[in-house]
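1. sequence and predicted structure, then a few things I'm wondering about:
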Amino acid sequence: MAYEVEAPKYVRLAQTIQGRIEDGTYAPGSRVPSENQLVQAFGMSRPTVVRALELLKRDGWLESRQGYGTIVRGRPAVVEQKDRRGTEALTRDESQASGRLVAVEDTPVPVRVASVLGLPKRAQVLMRRFLVEEDGEPVELVSSYFPAGLVEGTELAESGPLSGSTRTHLEARKKVRFDHVTERVSARLPEPAEAELLDLPAGVPVLSVLVIAYDASGQALQVSDVLLPADRQELEDTYRLN
């Protein structure tokens, strides 16, 4: 069963450089290799290299210094904040989390999820839906979708709360490795069942954070649709100006 979705080349290169910063290969304060060196080392075109470096500069990993070239700044603090929704969706222990598992079922894949997983329309996927609660009040609805090929040989289809996170379960049972996450934020009106679970009045929109978890090759392993009542959310980001 094929469901490979590759990230763009410049994104994969940026992730590789980012990994080298985190493991100390490119230490904070040091210069990264030149564009020519990166082109030769990774076999990618100059526009791809330039775009990857621009992405890392935008996100605070690198900075340009006149007369010195491109310098490593290290892991920016704001990255932890940006990763929060995706990390929570992938690492939540259903058996310990505040909330309840409200559905485990095979369902036709939603269009926005099918395009990510590389599945045809009406293909069946497994959905696990968890309602996050605080002080007994619903605050977040997480619907996670898994291709059939990943469900076989796991406990994902069981109706009870999963002990441990979906990520650790899949990595242990299927010998896959989660590598990176993409988050897509949009606003929409909730479906009736979603509005009921979130206790939303008619007409109140939700923020949808589509969390797409990939392995290192760019193959999507899990897609989680995190719904947040829009009237209770405030988005904030911090970034440097070049």
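-> Great, that's in hand.

2. so Asp93 makes contact with Ser165?
-> Yes - assessed by C-beta atoms under 8 Å, Asp93 is found in contact with Ser165 at 5.7 Å. In short, each C-beta sits where N, CA and C put it, glycine included.

3. is Val121 in contact with Val111, as I believe?
-> If you look again at residue 121, you'll see it is Lys, not Val. Yes - using C-beta under 8 Å, Lys121 is in contact with Val111, at 7.0 Å.

4. which residue ranges make up each domain of this protein?
-> Here the domain parsing of the chain from automatic domain parsing is 9-75, 81-232.

5. kindly reformat the ones you listed as a markdown table containing mean neighbour count and mean pLDDT.
-> Shown next, in a markdown table, are the domains of the chain (neighbours: other C-beta atoms under 10 Å; pLDDT from 0 to 100):
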| stretch | mean neighbour count | mean pLDDT |
| --- | --- | --- |
| domain 9-75 | 16 | 88 |
| domain 81-232 | 17 | 90 |
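
6. so Leu53 lies in a helix, does it not?
-> Yes - residue state for Leu53 (DSSP: H, G, I helix; E, B strand; the rest coil) corresponds to a helix.

7. any figure for the gap between it and Thr87?
-> 26 Å (C-beta to C-beta, to the nearest Å).

8. Leu170 too?
-> Leu170 is 15 Å from Thr87, by C-beta to C-beta.

9. how about Thr16?
-> Taking C-beta to C-beta as the measure, Thr16 falls 21 Å from Thr87.

10. over to Glu183?
-> Taking C-beta to C-beta, one finds Glu183 at 10 Å from Thr87.

11. and what of Pro229?
-> Pro229 is 21 Å from Thr87, where distance means C-beta to C-beta.

12. in space, what's closest to the spatially most central residue of the chain - neighbours in sequence excluded?
-> The centre of the chain sits closest to Val181, judged by C-alpha atoms, centre = their mean, with a distance of 2.9 Å. Leaving out its chain neighbours, the residue that sits closest to Val181 by C-beta to C-beta, 6 or more residues apart in numbering is Gly86, at 4.0 Å.

13. what's the helix or strand for the one you found?
-> helix 84-91 (DSSP states H and E).

14. kindly report the same for Ser208.
-> Using DSSP H and E, Ser208 falls in strand 206-214.
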